[in-house]
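**Q** any chance you could fold what I've pasted below:
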Amino acid sequence: MRKFMLLVLAGLLIMPLAAGCGSKKTQYTGSTYEALKAAFLGDHVYFDFDRYNIRPDGAAIIQAKAAFMSQYPGVRAEIQGHCDERGTEVYNMALGDRRARATYNYITSLGVDGSRLTTVSYGKERPLDPAHSEAAWARNRRAQFVIMGE
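**A** Residues are numbered from 1 along each chain as shown. This next block holds a predicted model:
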């Protein structure tokens, strides 16, 4: 997360300088954009068991994602809500939806236009970690961003 936030800040500082250099590149190309994009996609918002409230560590990640989306106004993203394997399919689909919506509400409160975002719940269908342990379950309880358009 710290790396992502540093990359976002570096990108915010470098982009105005690059714009003044007469470069023909668009704001969506180059190594700076690719590094920021990788960080945007790699950091997830994690949740406590059976909860969908945004924790302080998740708030910092969402703030960095909002900065990225502000810097690149053509980016559209999907927020995917995920759960661990415990609970019924129906319950986890609803919980995943609440996690995605909580993340959506937070990022739009930071000024990101909601029309650039969609939400979907995958419940327990797409675990990051297939193990059956507390550590795996903690990794699977997340909201994940996917870029849908640039």
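
**Q** going forward, measure contacts between C-alpha atoms and count neighbours the same way
**A** Fine.

**Q** okay, now residue 34: neighbour count?
**A** Counted with other C-alpha atoms under 10 Å, residues neighbouring residue 34 total 12.

**Q** mind checking how far the lengthiest helix in the chain is from the chain centre?
**A** With secondary structure taken from DSSP state H, the chain has its longest helix at helix 89-109. Here helix 89-109 is found 13 Å from its chain centre; the criterion is C-alpha atoms, centre = their mean, to the nearest Å.

**Q** least confident secondary structure element in this structure?
**A** Least confident helix or strand of the chain, by mean pLDDT, DSSP states H and E, is helix 2-19 with a mean of 47.

**Q** the strand or helix carrying residue 79 pairs with which strands, parallel or anti?
**A** For residue 79, the host element (DSSP states H and E) is strand 76-82. Applying DSSP bridges to the sheet, strand 76-82 is found paired with strand 117-123 (parallel), strand 142-149 (antiparallel).

**Q** rebuild these as a markdown table, extending it with mean neighbour count and distance to residue 91.
**A** Formatted as a markdown table, these follow (neighbours: other C-alpha atoms under 10 Å; distance: least, C-alpha to C-alpha, whole Å):
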| stretch | mean neighbour count | distance to residue 91 |
| --- | --- | --- |
| strand 117-123 | 21 | 8 |
| strand 142-149 | 20 | 15 |
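
**Q** sounds good, over and out.
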